[in-house]
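Engineer: Take a look and give me a structure for this.
(one chain, ligands or ions: 2)
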Amino acid sequence: MHLGQIKSNGVVIAAVFEKGMARPIPAHNMLALIRRAEVEKVPLDKLANELASRHPEELTPVLPIHPPEVWGCGCTYETSAAFRDAEHGTREGMYAHVYREPRPEIFFKGTARVCVASGKPIGIRSDSRFTAPEPELALVLGTRGNIVGYTLANDVSAWDIERENALYLPQSKVYDGCCALGPAIVTADELPDPYNLDMTCTITRDGREIYSGSISTSKLHRRFETLIEYLTRANRVPCGTVVLTGTGIIVTAESALAPGDIVTIRVAEIGELTNHAVTAE
Ligand code: DO4
Ligand code: MG
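Structural biologist: Ligands and ions are numbered 1, 2, ... in the order given. The predicted structure is shown next:
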């Protein structure tokens, strides 16, 4: 089932999305819906179906969830680790170490404040010369760190600031419009093999495609359970936390984001996350 949120009389509520139409779920936003499914111990899709209106409407999806916390995982694909080490001029540096060692890289990406829906602008820091999209599969967690659904994410990052010094990572990762999520959350039951998804990413500038790349999640070097286990060690993340599982698509320097660029991330089973870039002052 594809779940998300819509705006009804100015209030954000959850909805079931089917064939381009939405069936609103009154009096629940996505977080409340997930929490209720957990408390009542019923599958999320079953509860959503019971509570949703029987009358599909043409409504624009907004952010599929307002996550209390978003965490990012890094160097989970060989392409990401190798690119970042090359940037630092070392053949096998700290990124390869993290790729190889049992403990994964996990960083705080922000809260709902920095998240934007499909169709809304993603940010380019005004003090960055090389901001890149990072197309990633994202996990939506329940109260016990269980995966309740999957969505797409763009972990937009200022790679030049990260490259200057590793201690600048939080500044390269966290700022206005740095995290796009959507278009919808696909419930876990509907995605039996999340390690076999084909993801593509394009960047379009002035109507011309300037970058196109793809990756399969089969190339992911970590299991989701491992990422969640490390994330939740001595760290009880709240229900509705979103975990970005890392990028396998590394864009070229020529396609460093410029204002007006359109980034589109696609996974057939989930949908299309499209955002245009603007300068974040
Ligand atoms: O170490 C830097 C961040 C890595 C990252 O975000 C990724 O691999 O997706
Ligand atoms: Mg990333």
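Engineer: Give me the contact status of stretch 78-98 with ligand 2.
Structural biologist: No. Shown here: stretch 78-98 not in contact with ligand 2 (Cβ under 5 Å from the ion), separated by at least 7.1 Å. The C-beta positions use only the backbone N, C-alpha and C, and glycine is treated the same way.
Engineer: Pull up the distance across that stretch, start to finish.
Structural biologist: 11 Å (Cα to Cα, to the nearest Å).
Engineer: tell me which residues of that stretch are tucked away?
Structural biologist: For stretch 78-98, the neighbour count (16 or more other Cβ atoms under 10 Å) marks 79-85, 93, 95-96, 98 as buried.
Engineer: Likewise for stretch 184-200?
Structural biologist: By neighbour count on 16+ other Cβ under 10 Å, the buried set for stretch 184-200 is 184-188, 191, 194, 197, 199-200.
Engineer: Same question for stretch 125-133.
Structural biologist: The neighbour-count check on stretch 125-133 (16+ other Cβ under 10 Å) flags 125, 128, 130-133 as buried.
Engineer: Out of the buried residues of stretch 78-98, which is nearest to residue 156?
Structural biologist: Distance to residue 156 across the buried residues of stretch 78-98 (Cβ to Cβ) is lowest for residue 80, with 14.6 Å.
Engineer: Hmm, residue 87 and the closest one touching each other?
Structural biologist: No. The criterion here is Cβ atoms under 8 Å, and residue 80 misses it with residue 87 at 10.9 Å.
Engineer: And the strands in the stretch 101-250 of the chain?
Structural biologist: According to DSSP state E, counting those that start in this stretch, the stretch 101-250 of the chain carries its strands in the segments 105-110, 115-116, 122-125, 131-132, 135-141, 147-155, 157-158, 179-187, 198-205, 208-216, 242-244.
Engineer: do you know which of these lies nearest ligand 2?
Structural biologist: strand 147-155 (3.5 Å; Cβ to the ion).
Engineer: before we move on, back to that, mind putting the buried residues of stretch 125-133 in CSV, distance to residue 149 included?
Structural biologist: Formatted as CSV, these follow (distance: Cβ to Cβ, whole Å):
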residue, distance to residue 149
125, 30
128, 32
130, 32
131, 28
132, 26
133, 22
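Engineer: of the residues you listed, closest to ligand 1?
Structural biologist: Ligand 1 lies nearest to residue 132 out of the buried residues of stretch 125-133, by Cβ to the nearest ligand atom, at 9.8 Å.
Engineer: what sits against that closest one?
Structural biologist: The contact partners of residue 132, taken as Cβ atoms under 8 Å, 6 or more residues apart in numbering, are 156-157, 159, 250-251, 255-257.
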